[in-house]
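Q: Just to be clear, the model below is a prediction. Sequence and coordinates:
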Amino acid sequence: MRKHSEPQGEPSPEDLAAIEVEWPLIEAELLVVDAEIAEIYAADHGGPSPLDRRRLRRAEARVIRVAAELARTVTTPVAPTDRKAVA
């Protein structure tokens, strides 16, 4: 359920700001999904290679690094500016 008064089809400025802050993590998670897809595809074609496995491990490690950096640098979560909307 949306707590903002914005129309449901359009993200609020706060939503866009949160996405921008979290974009490095989103991008890292997309790399994990890509690596997992490559491994699934490889399983149907003789099995994943050492390079496929390394790609997945590196993508997972990147998610951890980016998440840790994000947690270290973002001190306050992006929240609605209208406190009445939260209640």
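A: Nice, I can see it. Residues are numbered from 1 along each chain as shown.

Q: For the residue most central in space within the chain, I want the exact helix or strand it lies within.
A: In the chain, the centroid-proximal residue (CA atoms, centre = their mean) is residue 26; its distance is 2.4 Å. Element membership for residue 26 (DSSP states H and E) is helix 13-43.

Q: And that helix, what's buried?
A: 18, 22, 24, 25, 28, 29, 31, 32, 35, 38, 39 (16 or more other CB atoms under 10 Å). Bear in mind the C-beta positions are built from the backbone N, C-alpha and C, glycine included.

Q: Tell me the spacing between residue 21 and residue 73.
A: According to CB to CB, to the nearest Å, residue 21 and residue 73 sit 9 Å apart.

Q: How about residue 44?
A: Separation of residue 44 from residue 73 (CB to CB) stands at 41 Å.

Q: Name the SS class of the residue sitting furthest away from the middle of the chain, please.
A: For the chain, the residue at maximal distance from the C-alpha centroid (CA atoms, centre = their mean) is residue 46, at 30.6 Å. Assigned state for residue 46: coil (three-state reduction, DSSP: H, G, I helix; E, B strand; the rest coil).

Q: ok, back up a step: state the next helix or strand along the chain beyond the helix holding residue 26.
A: Heading C-terminal from helix 13-43 (DSSP H and E), you reach helix 50-73.

Q: And that next one, what's buried?
A: Under the neighbour-count criterion of 16+ other CB under 10 Å, helix 50-73 has 52, 55, 56, 59, 60, 62, 63, 66 buried.

Q: mind showing which ranges of this protein have poor pLDDT?
A: Residue ranges of the chain with pLDDT under 70: 1-7, 75-87.

Q: again, only this time at 90
A: 1-11, 18, 43-44, 73-87 (pLDDT under 90).

Q: what's in contact with stretch 41-57?
A: 32, 35, 36, 38, 39 (CB atoms under 8 Å, 6 or more residues apart in numbering).

Q: got the contact list for stretch 60-72?
A: 21, 22, 24, 25, 28, 29, 31, 32.

Q: how about a cut-off of 7 Å?
A: Residues outside stretch 60-72 that contact it (CB atoms under 7 Å, 6 or more residues apart in numbering): 22, 24, 25, 28, 29, 31, 32.
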